[in-house]
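[1] how would this look folded up:
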Amino acid sequence: MAIGSFAAAQDAAKPKAADERTENGLPNVLILGDSISIGYTSHVKQLLRENANVFRPTNAKGKPENCAGTVNGVKQIDRWLAAEGGKWNVIHFNFGLHDLKRVNAKTKKNSNNPDDPHQSNPELYEKQLSQIVTKLLATKAKLIFATTTPVPAGGVKPHRDVNDPERYNEIAKKIMKKNDIEVNDLFAFAEPKMREIQIPVNVHFTKKGSEYLGKTSRRSHPQKPQTLGLSRTRLRLLISYRTMNNHHGTIKFECELVFRITSSSRHPPKAVA
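    Alright, predicted model coming up:
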């Protein structure tokens, strides 16, 4: 994917294989997010390998790019959306964990001082996330917002308040509701298992934790082995794509299966915990 000043050169040198990946008849999925999403992207790619082309921004060295907070998001969103030809069917995105961290008021560098300001205070976060959402809506892709994952107690560095993820998630959910955007509630999904899947006193997840965010077993349905190991992100992506193109038999089958598993009502849920 093209990055900054490398855009023109990298686009010109892009191998044909990249074009083939996006024109193989499968939906194209873009994942935007910070290092948490970097951790689970590879698992989503693996789980969706026969159902979708999954991408995320990369840097000049081809490594996954950290999309960071909304401050960076409003600056880079156009470039990210233009990557791989800009033909996206589904965009799964998150901003928040960088916004709520504390930074030095003068240098804007990370700070361990709880008295220093947020990178983006709640008001600025709402404004900038709304701007990003406006850009995403213009793509006509199916949008899925992933909530910001928990901050453990103990004094993470840089400083982040334990209660801020829920605070910022409420702001984000209000924006998503206003724009009829689905929510993948990773916060609710991860919070009960923080001690098992998160690195102690760290916002990042263990290898097991990242895999857990990418897949979950449906132990309540052992008679359906094909449901085991499906990621919640995958379930949401498959459901989303069905609304646009339901002639793919495999995708349609799995979506209908997910509906039976995740909802007791006649309609699929708006959010997955």
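
[2] got the residue ranges for the strands in the stretch 51-200 of the chain?
    With DSSP state E, counting those that start in this stretch as the criterion, the stretch 51-200 of the chain has strands at 53-55, 90-93, 142-146, 182-184.

[3] low-scoring pLDDT stretches of the stretch 101-250 of the chain, where are they?
    194, 196-197, 199, 201-250 (pLDDT under 70).

[4] and the strands of the stretch 51-200 of the chain as a markdown table, adding mean neighbour count and distance to Asp161?
    Heads up, the C-betas are built off the backbone N, CA and C, glycines and all. Formatted as a markdown table, the strands of the stretch 51-200 of the chain follow (neighbours: other Cβ atoms under 10 Å; distance: least, Cβ to Cβ, whole Å):
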| stretch | mean neighbour count | distance to Asp161 |
| --- | --- | --- |
| strand 53-55 | 23 | 33 |
| strand 90-93 | 24 | 23 |
| strand 142-146 | 25 | 20 |
| strand 182-184 | 21 | 22 |
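
[5] Would you format those as JSON lines with distance to Lys101 included?
    Formatted as JSON lines, the strands of the stretch 51-200 of the chain follow (distance: least, Cβ to Cβ, whole Å):
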{"stretch": "strand 53-55", "distance to Lys101": "26"}
{"stretch": "strand 90-93", "distance to Lys101": "19"}
{"stretch": "strand 142-146", "distance to Lys101": "18"}
{"stretch": "strand 182-184", "distance to Lys101": "22"}
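
[6] Just tell me which of those strands ends up closest to Val71.
    Of all the strands of the stretch 51-200 of the chain, strand 90-93 sits nearest to Val71, with 15.2 Å by Cβ to Cβ.

[7] helices or strands next to that closest one in the packing?
    Applying 3 or more Cβ pairs under 8 Å, 6 or more residues apart in numbering; DSSP states H and E, we find strand 90-93 packed against strand 28-32, helix 122-137, strand 142-146, helix 232-242.

[8] What strands line up against it, and which way round?
    Strand 90-93 pairs in its sheet with strand 28-32 (parallel), strand 142-146 (parallel), by DSSP bridges.

[9] contact partners of the first one?
    What that stands for is strand 28-32. Residues from elsewhere that reach strand 28-32 (Cβ atoms under 8 Å, 6 or more residues apart in numbering): 22, 37, 41, 44, 48, 52-57, 67, 73, 80-81, 83-84, 87-95, 141, 237.

[10] could I get the strands paired with strand 90-93 as CSV with distance to Asn110?
    Shown next, in CSV, are the strands paired with strand 90-93 (distance: least, Cβ to Cβ, whole Å):
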stretch, distance to Asn110
strand 28-32, 21
strand 142-146, 23
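
[11] Of all those, which one is nearest Lys109?
    The nearest among the strands paired with strand 90-93, by Cβ to Cβ, is strand 28-32 at 23.7 Å.
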